[in-house]
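Chemist: Let me see the structure of the following:
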Amino acid sequence: MNIHPIFVHFPIALLTVYAILEMIHFRKLIYKIEFFYIKFLLLIIGTLGAFISLATGDSASRLHRDVRALVHLHSNFASATTIIFGVLLLVYIFDWVHLVFGEKLSSSKFSKIWSLKKLVVHKVFSGPVIILLAILGLIALLITGALGGAIVYGVSGDPFTAFVYKIFFP
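Modeler: Below is the predicted model:
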């Protein structure tokens, strides 16, 4: 039984909304704590769903032996998508820990380690890098979905699927 289609649609929707929200930079929104928590929740549920989709996709790949190269490419893009959003989730978890436990960690015996880790994470994963990762994640997600659509519905399922397919299989 192929349960992969049951799981893929929620991560696609949640991670798409997350990426769009990450690209929005209205000053009134980006500094609100509620906006952080909305993006964090979308990222948590979406990334967990992506991991589940990736696991169920491995079992579904055995059903499509006739399009092996397409399934393999779809699987690679699904893995890349999951990794990109997984990295973003780790950054958000770090920011959440800093938000909730920052004072306690700064005054504890781990303060020097925490300060160094905080500096590295904030320098490497600054605003532009987070936005770039969100854009790359969204692009990988769109390609993954198009390739999945090509597996299920064929290459002529929609114009975007045909376009993506022609890029990888000229």
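Chemist: How about stretch 10-25, which residues are buried there?
Modeler: 10-12, 14-16, 18-19, 21-22 (16 or more other C-beta atoms under 10 Å). All C-beta spots, glycine's among them, are computed from the backbone N, C-alpha and C.
Chemist: Settle this for me: F168 is touching L73, isn't it.
Modeler: Yes. If you go by C-beta atoms under 8 Å, F168 and L73 touch, sitting 5.9 Å apart.
Chemist: intersection of neighbour lists for those two?
Modeler: Here F168 and L73 share the contacting residues L147, scored by C-beta atoms under 8 Å, 6 or more residues apart in numbering.
Chemist: What residues sit buried inside the helix or strand bottoming out on mean pLDDT in the chain?
Modeler: Ranked by mean pLDDT, DSSP states H and E, the weakest helix or strand in the chain is helix 111-124, scoring a mean of 71. Neighbour-count burial for helix 111-124, counted by 16+ other C-beta under 10 Å, picks out 114, 118.
Chemist: Can you show me the CA trace of that helix as PDB?
Modeler: Extracted in PDB, the C-alpha atoms of helix 111-124 (Å, rounded to 0.1, in the frame of the first residue of the first chain):
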ATOM      1  CA  SER A 111      28.300  31.100  29.200                       C
ATOM      2  CA  LYS A 112      31.500  31.300  27.200                       C
ATOM      3  CA  ILE A 113      30.500  28.300  25.000                       C
ATOM      4  CA  TRP A 114      27.000  29.800  24.600                       C
ATOM      5  CA  SER A 115      28.300  33.200  23.600                       C
ATOM      6  CA  LEU A 116      30.600  31.700  21.000                       C
ATOM      7  CA  LYS A 117      27.800  29.500  19.600                       C
ATOM      8  CA  LYS A 118      25.500  32.400  19.600                       C
ATOM      9  CA  LEU A 119      28.000  34.600  17.700                       C
ATOM     10  CA  VAL A 120      28.700  31.900  15.100                       C
ATOM     11  CA  VAL A 121      25.100  31.100  14.500                       C
ATOM     12  CA  HIS A 122      24.100  34.700  14.200                       C
ATOM     13  CA  LYS A 123      27.000  35.600  11.900                       C
ATOM     14  CA  VAL A 124      26.600  32.600   9.600                       C
END
